[in-house]
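S.K.: Task: produce atomic coordinates for the following.
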Amino acid sequence: MGMGARDGCINCTQATWKTRSFTGLLLVLLLAPQAWAQCQILRCNSEFVAATLDLSGGKEAGNAGYCSALRSYALCTRRTARACRGDLAYHSAVQGIEDLLIQHRCPRTGPTAQPRPLPQAPLSGDACFYERGYVQREGRAPEYLHCGVFGDPHVRTFSDEFQTCAVPGAWPLIDNQYLYIQATSSPTRGGSYATALTKITIIFKNWRECAEQQIYQAELDNVPPAFADGSTSSGERRGQHSLRVRSQAPGRHAEIWAAHIGTTLVVRQSGRALGLAVRSPRAIVESYTPEQDVQLCVWGCPSSQRLDTPHALPTAAAHAHCSALLPSRDIYFQACLFDLLATGDMNSSSSALDALEDARGMIADPVKVHLRAAAGVRVAPRLPALLAATLITLRLAL
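M.R.: Numbers count the residues shown, from 1 in each chain. Sure, this is the predicted structure:
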């Protein structure tokens, strides 16, 4: 009897020691800045601690709330596993979760706990007007970045890389803490292999007292001058709105201002393709997590989807047409040539021209507007070269 009691106490002591050791490890991880720099394990740790702060009934075996928090913790670590390879803090947390699931006899499947939001002080002053607040804090204007997506489709990334992409279907252009933008490419008419943007969806995420979630959606031949709910403004504060939409040509153009994140977006239809131009502060652009690892405006299109292999030189007629519209031999001139050869449609050249005009309105330094393509990269049409050249020549001759 005495031996059994001692064995039970030993087991209790071991369980208590494991729990205390794991709690201590969590505190170490929460205080380790390098954990956040390498991966998102710090966020998982914080959410678990917050979820278990006010649990009633202690942590007895089978406690539903504690088990839900552990399952949420495990799910969070799985989501950030890719970015945390080789991170000791991450692997220690994963092993600790496994031990606690066994110790508390928690089922592997079941409900998960929603992370408790951390308390936030009320917003004051110009907090909902990004640029104004930034100037007050830093004494200077924020650094703005530009992304443009247009044509067949071509992408000018926030880091000023230029790519032409074979990305049929829906792809995220931007995915960060405040904003999600998805573009859909579809084959163009005429039986060619060319694609064009046919749908753009923009989601402004809920952000404290400044903005509730708002959706804007444009499709080919329908670029509305309003959000999806029919409104043209949202998020009123101090007599001004965080979100506003206006249009110079309803059905073909819309400009959206998001004052709370200092971001301007232009959606327009050029020929038979949609285009998007974005101007956003660097801090907003970079507010993403490792899980948000597909963003065409940030990293460009995946390497397997990039078109940069030369197939044919443009015809003299195509060269003359694009030269008349775009005298500077920059990425927009090359995009014009590409789209003419790929589609045989003279109207496709307007995509590059409109994208250039949007870039001029969004980039403060005129020298940086005319981005030059990387050396050695030439136009790479997806139509057979002879057929494309014939189409262009015939259309220009008419």
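S.K.: in the stretch 101-250 of the chain, which spans are strands?
M.R.: Secondary structure of the stretch 101-250 of the chain (DSSP state E, counting those that start in this stretch): strands at 144-150, 154-156, 162-164, 169-175, 179-187, 195-204, 214-219, 233-237, 240-246.
S.K.: least reliable of these going by mean pLDDT?
M.R.: When the strands of the stretch 101-250 of the chain are compared by mean pLDDT, strand 233-237 comes last with a mean of 80.
S.K.: Neighbouring strands of the helix or strand that Glu255 is a member of in the sheet, and parallel or not?
M.R.: Per DSSP states H and E, Glu255 falls inside strand 253-258. Strand 253-258 has the following strand partners under DSSP bridges: strand 240-246 (antiparallel), strand 263-270 (antiparallel).
S.K.: what is the orientation angle of that strand with strand 214-219?
M.R.: Computed with axes from the mean of the first three to the mean of the last three C-alpha atoms, to 10 degrees, the direction of strand 253-258 lies at 160 degrees from that of strand 214-219.
S.K.: quick one, strand 253-258 and strand 233-237 angle?
M.R.: With the same axes, to 10 degrees applied, the angle from strand 253-258 to strand 233-237 works out at 20 degrees.
S.K.: From the chain's centroid, how far away is strand 253-258?
M.R.: Taking C-alpha atoms, centre = their mean, to the nearest Å, one finds strand 253-258 lying 18 Å from the centre of the chain it belongs to.
S.K.: and if you look at stretch 197-216?
M.R.: Relative to its parent chain, stretch 197-216 has a centroid offset of 12 Å by C-alpha atoms, centre = their mean.
S.K.: ok, now stretch 67-87?
M.R.: Centroid displacement of stretch 67-87 relative to its chain, using C-alpha atoms, centre = their mean, is 22 Å.
S.K.: Return the residues in contact with the nearest residue in space to Ala83 that is not next to it in sequence.
M.R.: Nearest residue to Ala83 in three dimensions, chain neighbours excluded: Pro290, at 3.3 Å (C-beta to C-beta, 6 or more residues apart in numbering). In this view, the C-beta of every residue, glycine as well, is placed from N, C-alpha and C. Residues in contact with Pro290 (C-beta atoms under 8 Å, 6 or more residues apart in numbering) are 39-40, 80, 82-83.
S.K.: which SS class is Pro290?
M.R.: When classified by DSSP: H, G, I helix; E, B strand; the rest coil, Pro290 comes out as coil.
S.K.: circling back to that earlier point, right, so of the strands of the stretch 101-250 of the chain, which gets closest to Cys76?
M.R.: strand 169-175 (18.1 Å; C-beta to C-beta).
S.K.: That closest one packs against which elements?
M.R.: When contacts are defined as 3 or more C-beta pairs under 8 Å, 6 or more residues apart in numbering; DSSP states H and E, strand 169-175 sits against strand 144-150, strand 179-187, strand 273-281, helix 296-299.
S.K.: Not counting the strand holding Glu255 itself, show me its contacts.
M.R.: 178-179, 202, 204, 211, 216, 218, 223-225, 242-248, 263-269.
S.K.: Can you flag the buried ones in the residues you listed?
M.R.: Taking 16 or more other C-beta atoms under 10 Å as the criterion, what is buried in the contacts of strand 253-258 is 178-179, 202, 204, 211, 216, 218, 223-225, 242-245, 247, 263-269.
S.K.: and the end-to-end length of stretch 169-183?
M.R.: Separation of the first and last residues of stretch 169-183 by C-alpha to C-alpha, to the nearest Å is 8 Å.
S.K.: Show me the contact partners of it.
M.R.: Contacts to stretch 169-183, defined as C-beta under 8 Å, 6+ apart, come from residues 147, 149, 153, 184-185, 197, 199-205, 207, 258, 260-261, 263, 265, 274, 276, 278, 280, 284-288, 292, 294-298, 301.
S.K.: in that stretch, what's buried?
M.R.: Quick answer for stretch 169-183 (16+ other C-beta under 10 Å): 171-176, 178-183.
S.K.: quick one: Thr200 from Arg132, how far?
M.R.: In this structure residue 200 is Ile, not Thr. 28 Å (C-beta to C-beta, to the nearest Å).
S.K.: So for the two, which sits in the more crowded spot?
M.R.: Neighbour count, other C-beta atoms under 10 Å: between Ile200 and Arg132, Ile200 has more, with 24 against 14.
S.K.: bridging residues for that one?
M.R.: Ala183, Ala218.
S.K.: What residues does it make contact with?
M.R.: 181-184, 217-218, 267, 274, 276.
S.K.: Can you spell out which helices and strands pack onto the helix or strand hosting Tyr73?
M.R.: According to DSSP H and E, Tyr73 maps onto helix 64-79. Packed against helix 64-79 by the contact rule (3+ C-beta pairs under 8 Å, 6+ apart) you find helix 41-52, helix 88-103.
S.K.: Buried residues in that helix, which are they?
M.R.: Taking 16+ other C-beta under 10 Å as the criterion, helix 64-79 shows 65-74, 76-77, 79 as buried.
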